[in-house]
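*Asks:* let's see this in three dimensions:
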Amino acid sequence: MSQDKIAELEKDDLVLPEDQAPSDPEEEVLPDQDAEEDEAENDEVPAGSLRRSKDAKWYVVHTYSGHENKVKVNIEKLVENRGMQDLVLSVIVPTEDRVELKDGQRKIKTRKMFPGYVIVKMIVTNESWYLVRNTQGVTGFVGHGSEPIPLTDEEVRRMGIEKTIIVLDIDVGDTVRVISGPFKGFMSVVEEVNVDKQTLRARVSMFGRDTLVELEYDQVDKV
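*Replies:* Residues are numbered from 1 along each chain as shown. Sure thing, here's the model as predicted:
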């Protein structure tokens, strides 16, 4: 889900008191635990039953900025303690690695892709909604009113939340054709297959020399 879409949903229909909206990391003010617990006691399931989703989907949940990882741990503990693993399947804090050059050295830094949000895969029921919504550090769901709106399959794919597993019938010694990337059109011989990383190492003949390159599964076709 893009930041623009999140902002649009919030602007249109998301019901969140202004003092609960996720704050800027530099201006974060987190309420004390007693105040937050009092708030949770008053934040009951919306009148009428929420529409139960047939299948588990990914939902965007607001948190106080800087407390995304704590919220993830808190939700996971509550789910385990209450035996609700069949309703709340996964909680993630999307991150990305960035390579920075400092003093001539490359350093990899991990940063949150969406500060102030966690992504939860769940089947929405009154019980699962209440558990997530009233977890310490959570300020609300992204959605219309009290009804959470799931991410679309395309948004899930773009965010890299769920990666498509490619099954490739290729073994060491097989010949493959590169179909994308800088080596497109080259024929190569597979020397190593990494199923977990969905990559393979193959030898490509260039300028009269053999060069070992790493390719992703979706970059090759078996000849």
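*Asks:* find the centremost residue of this protein, please.
*Replies:* The chain has residue 161 as the residue nearest its centroid, 3.8 Å off, counting by Cα atoms, centre = their mean.
*Asks:* which residues touch that one?
*Replies:* 58, 92, 94, 119, 151 (Cβ atoms under 8 Å, 6 or more residues apart in numbering). Where C-beta positions appear, they are placed from N, C-alpha and C, glycine not excepted.
*Asks:* wait, the last one sits on residue 57?
*Replies:* Yes - taking Cβ atoms under 8 Å as the contact criterion, residue 151 and residue 57 are neighbours in contact, 7.1 Å apart.
*Asks:* give me the low-pLDDT residue ranges for this protein?
*Replies:* Scanning the chain with the threshold set as pLDDT under 70 gives 1-54, 99-104, 162-167.
*Asks:* in it, which spans are helices?
*Replies:* When secondary structure is read from DSSP state H, the chain shows helices at 3-12, 33-42, 68-81, 126-133, 153-159.
*Asks:* domain map for the chain?
*Replies:* Partitioning the chain according to automatic domain parsing yields domains covering residues 3-159, 175-222.
*Asks:* and those as JSON lines, adding distance to residue 168 and mean neighbour count?
*Replies:* Compiled in JSON lines, the domains of the chain are given as follows (distance: least, Cβ to Cβ, whole Å; neighbours: other Cβ atoms under 10 Å):
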{"stretch": "domain 3-159", "distance to residue 168": "19", "mean neighbour count": "15"}
{"stretch": "domain 175-222", "distance to residue 168": "5", "mean neighbour count": "14"}
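*Asks:* how about the ones you listed in a markdown table, adding distance to residue 169?
*Replies:* Supplementary listing: the domains of the chain in a markdown table, determined by distance: least, Cβ to Cβ, whole Å:
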| stretch | distance to residue 169 |
| --- | --- |
| domain 3-159 | 24 |
| domain 175-222 | 7 |
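*Asks:* run through the bridge partners of residue 92.
*Replies:* The residues listed as beta-bridge partners of residue 92 by DSSP bridges are residue 119.
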